[in-house]
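K.L.:
sequence and predicted model, in that order:
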Amino acid sequence: MAPAGRLLALLARPQSPARAGAMAQPSCFALELPGCSLAHFAVGTAGAAAPAPAPDPRAAALLGPPGRSYALCVPVAPGRDCAARVRAARLLQRLLPQLRRGPLGRCQLRRMLRYCPGGGAGGLQRGVLLRDPDDSPDTRRALLALLDSCLEAPRPSLGEFVGDESHRLWQRPWELRGGREWRQVDPERVVPAPEPALHPVVPDLPSSGVFPHREAARAVLEVCTPFLPAARAVLELVDQCPGRLHRGLFPVIVVEGLDATGKTTVTRAVADALQAALLKSPPACVSQWRQTFDDEPAIVRRAFYSLGNYIVASEIAQASARAPVVVDRYWHSTAAYAIATEVSGAVQHLPPAHHPIYQWPKDLLRPDLVVLLTVSPEERLRRIQGRGPERTREEEELEANSVFRQKVEVSYERMENPGCHAVDASPSRERVLQAVLGLVRDRCPQLP
Ligand SMILES: Nc1ncnc2c1ncn2[C@@H]1O[C@H](COP(=O)(O)OP(=O)(O)O)[C@@H](O)[C@H]1O
Ligand SMILES: Nc1ccn([C@@H]2O[C@H](COP(=O)(O)OP(=O)(O)O)[C@@H](O)[C@H]2O)c(=O)n1
């Protein structure tokens, strides 16, 4: 091991403004560290002006010698080109398992985001930092071979971190020269950067997972139709739903919460008590395609769940003309899980309360009341274990990752217009039911 002081020196700020030969676009990157903290770095000129935070020793250990680290990233293709976005997301999804095989299998992987320091969605790249503890030439060879297999746009970028004799840290990007030969271009200085005011992925969320209106989600599935027949089937159902819905006079009550907080139990009991229609999102008419979409990258999966909400909206509109309506999950689930997944790091990295990302989509039928069921993590785990083995991938992650669970819960709590009314769902089924019915009576004056 190199001494800790030497590793920290690798990340120390230069005395004079950074130099670099052929400077690429100024850029920053965020690296998820153990314990879900984020370390930010500036590459090239991007870090020259900003005040430098102290180097994080964990980040130094990840980027500097001994061993070697590589950044493999894919541009998310911001803007309106939905097809390019989906191609980029599928490319990254295809690359990730390959990074766990062969000579790359010994590398440690960390989630990484490249971004422009000024904010905005432009220039965003998603990827991973690969740390090869042995600094084996096979790792570099395998990575270049992987790049060779990705010759269509969007193409991944590869950079390699190197320290110099003065203990400074540089990134050397790899570029394809003359369409045939991989060459390392001039190095760019890497220095710690302050945390940006807003997590860099947030400006991109309305195009990649928290779609602010039906058309944004629709456009994603539309570009999937050539390779995903289920996308056409879902779009046909969505297109049968009128854009402007006329809902009935009966109240619409949504029940939200993490998996195993008691939504199924409560929605059934409330529907019985109120003689209400019981609906769920995603609705039964698309459930046959759910697994297909769960296997797709996040942008496609979220578009599916978003459109599921619009289909449920039209079911709600019809049902609420005849009776009260109880809905098991709706928009808040889609948005809260998407935000918690996409925003790396811990709870404090979520967008602040009242950020537009927490606002209900303007074109989606609003419920009268949203109840958020909460239970302690220990009780939730007991309920999951009591229920049996069937779980979605994300639910398994919830269990494994309490930070993720906290981010989902806090995102739920920040949702607005309508916001969620939290109900402690730890007591007996009967007491939870009475608490929810009490809320319904208070908040839904139209209840007959
Ligand atoms: N208030 C409660 N007290 C104890 N167990 C409960 C309570 N509510 C639900 N459960 C049990 O917890 C498990 C998860 O409940 P469920 O309604 O399926 O949650 P969800 O629909 O939110 O995933 C089920 O086995 C259910 O019987
Ligand atoms: N309206 C919805 C419903 C579910 N979901 C997704 O579906 C997963 C949980 O749904 P689920 O039906 O398995 O959960 P439970 O109803 O079993 O608690 C989450 O991972 C969400 O990402 C969504 O995005 N939007």
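P.N.:
Received it, and whenever you're ready, just let me know what you need. Ligands and ions are numbered 1, 2, ... in the order given.

K.L.:
check the residue in the stretch 51-200 of the chain positioned nearest to ligand 2 and give its pLDDT.
P.N.:
In the stretch 51-200 of the chain, the residue that lies nearest ligand 2 is residue 89 (15.8 Å; C-beta to the nearest ligand atom). (Glycine included, C-beta is placed from N, CA and C.) Residue 89 is assigned 96 on the pLDDT scale.

K.L.:
ok, now which ones touch it?
P.N.:
Applying C-beta atoms under 8 Å, 6 or more residues apart in numbering, we find residue 89 in contact with 76, 208, 297, 298, 299, 300.

K.L.:
which of those residues lies closest to residue 359?
P.N.:
The closest of the contacts of residue 89 to residue 359 turns out to be residue 208 (C-beta to C-beta; 16.8 Å).

K.L.:
burial measure for the closest one, as a count.
P.N.:
26 (other C-beta atoms under 10 Å).

K.L.:
ranges for the strands of the stretch 301-448 of the chain?
P.N.:
Per DSSP state E, counting those that start in this stretch, the stretch 301-448 of the chain has strands spanning 325-328, 369-374, 421-424. These are given in chain order.

K.L.:
so for the longest helix along the chain, mean pLDDT?
P.N.:
Counting residues, the longest helix found in the chain (DSSP state H) is helix 298-319. Across helix 298-319, the average pLDDT comes to 98.

K.L.:
how about that helix as PDB, C-alpha atoms only?
P.N.:
The C-alpha trace of helix 298-319 is given here as PDB (Å, rounded to 0.1, in the frame of the first residue of the first chain):
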ATOM      1  CA  ALA A 298     -35.000   2.400 -16.100                       C
ATOM      2  CA  ILE A 299     -36.200   4.900 -18.700                       C
ATOM      3  CA  VAL A 300     -38.400   2.200 -20.400                       C
ATOM      4  CA  ARG A 301     -39.500   0.700 -17.200                       C
ATOM      5  CA  ARG A 302     -40.600   4.100 -15.800                       C
ATOM      6  CA  ALA A 303     -42.400   5.000 -19.000                       C
ATOM      7  CA  PHE A 304     -44.400   1.700 -18.700                       C
ATOM      8  CA  TYR A 305     -45.400   2.500 -15.000                       C
ATOM      9  CA  SER A 306     -46.200   6.100 -15.900                       C
ATOM     10  CA  LEU A 307     -48.500   5.100 -18.700                       C
ATOM     11  CA  GLY A 308     -50.000   2.500 -16.400                       C
ATOM     12  CA  ASN A 309     -51.100   5.400 -14.200                       C
ATOM     13  CA  TYR A 310     -52.800   7.100 -17.100                       C
ATOM     14  CA  ILE A 311     -54.700   3.900 -17.900                       C
ATOM     15  CA  VAL A 312     -55.700   3.600 -14.300                       C
ATOM     16  CA  ALA A 313     -56.800   7.300 -14.400                       C
ATOM     17  CA  SER A 314     -59.400   6.400 -17.000                       C
ATOM     18  CA  GLU A 315     -60.600   3.500 -14.900                       C
ATOM     19  CA  ILE A 316     -60.900   5.800 -11.900                       C
ATOM     20  CA  ALA A 317     -62.900   8.300 -14.000                       C
ATOM     21  CA  GLN A 318     -65.500   5.700 -14.900                       C
ATOM     22  CA  ALA A 319     -65.600   4.000 -11.500                       C
END
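
K.L.:
can it be said to contact ligand 2?
P.N.:
Yes - among the residues of helix 298-319, 305, 308, 309 lie within reach of ligand 2 under C-beta under 6 Å from any ligand atom.

K.L.:
highest neighbour count among those?
P.N.:
When neighbours are counted by other C-beta under 10 Å, residue 308 leads the residues of helix 298-319 next to ligand 2 with 29 neighbours.

K.L.:
what residues does the chain put near ligand 2?
P.N.:
259, 263, 281-282, 305, 308-309, 329-330, 333-334, 337, 392, 394.

K.L.:
and the residues you listed near ligand 1, which?
P.N.:
Restricting the residues of the chain next to ligand 2 to those touching ligand 1 (C-beta under 6 Å from any ligand atom) yields 259, 263.

K.L.:
from the residues of the chain next to ligand 2, which land in helices?
P.N.:
Among these, DSSP H puts 263, 305, 308, 309, 333, 334, 337, 394 in helices.

K.L.:
which of those lies closest to ligand 1?
P.N.:
Using C-beta to the nearest ligand atom, residue 263 is the member of these that sits closest to ligand 1, with 3.4 Å.

K.L.:
quick one: that closest one and residue 373 touch, right?
P.N.:
Yes - between residue 263 and residue 373 there is a contact under C-beta atoms under 8 Å: 6.2 Å.

K.L.:
overlap in contacts, those two.
P.N.:
Residues touching both residue 263 and residue 373 by C-beta under 8 Å, 6+ apart: 255, 256, 257.

K.L.:
among these, which are in strands?
P.N.:
Within these, residues falling in strands by DSSP state E are 255, 256, 257.

K.L.:
rewinding a little: what's the most distant pair in the contacts of residue 89?
P.N.:
Within the contacts of residue 89, two members stand farthest from each other by C-beta to C-beta: 76 and 300, at 13.4 Å.

K.L.:
quick one, helices of the stretch 51-200 of the chain?
P.N.:
For the stretch 51-200 of the chain, the helices defined by DSSP state H, counting those that start in this stretch occupy 57-63, 82-98, 137-148.

K.L.:
okay, the strands of the stretch 301-448 of the chain, which one's buried deepest?
P.N.:
Neighbour counts (mean count of other C-beta atoms under 10 Å) averaged over each of the strands of the stretch 301-448 of the chain peak at strand 325-328, with a mean of 27.

K.L.:
ok now it, how far from the chain's centre?
P.N.:
26 Å (C-alpha atoms, centre = their mean, to the nearest Å).

K.L.:
average model confidence for it?
P.N.:
Averaged over strand 325-328, pLDDT sits at 98.

K.L.:
run through the neighbouring helices and strands of it.
P.N.:
When contacts are defined as 3 or more C-beta pairs under 8 Å, 6 or more residues apart in numbering; DSSP states H and E, strand 325-328 sits against strand 252-257, helix 263-274, strand 277-280, helix 298-319.

K.L.:
now with 10 Å?
P.N.:
Here strand 325-328 touches strand 252-257, helix 263-274, strand 277-280, helix 298-319, strand 369-374, going by 3 or more C-beta pairs under 10 Å, 6 or more residues apart in numbering; DSSP states H and E.
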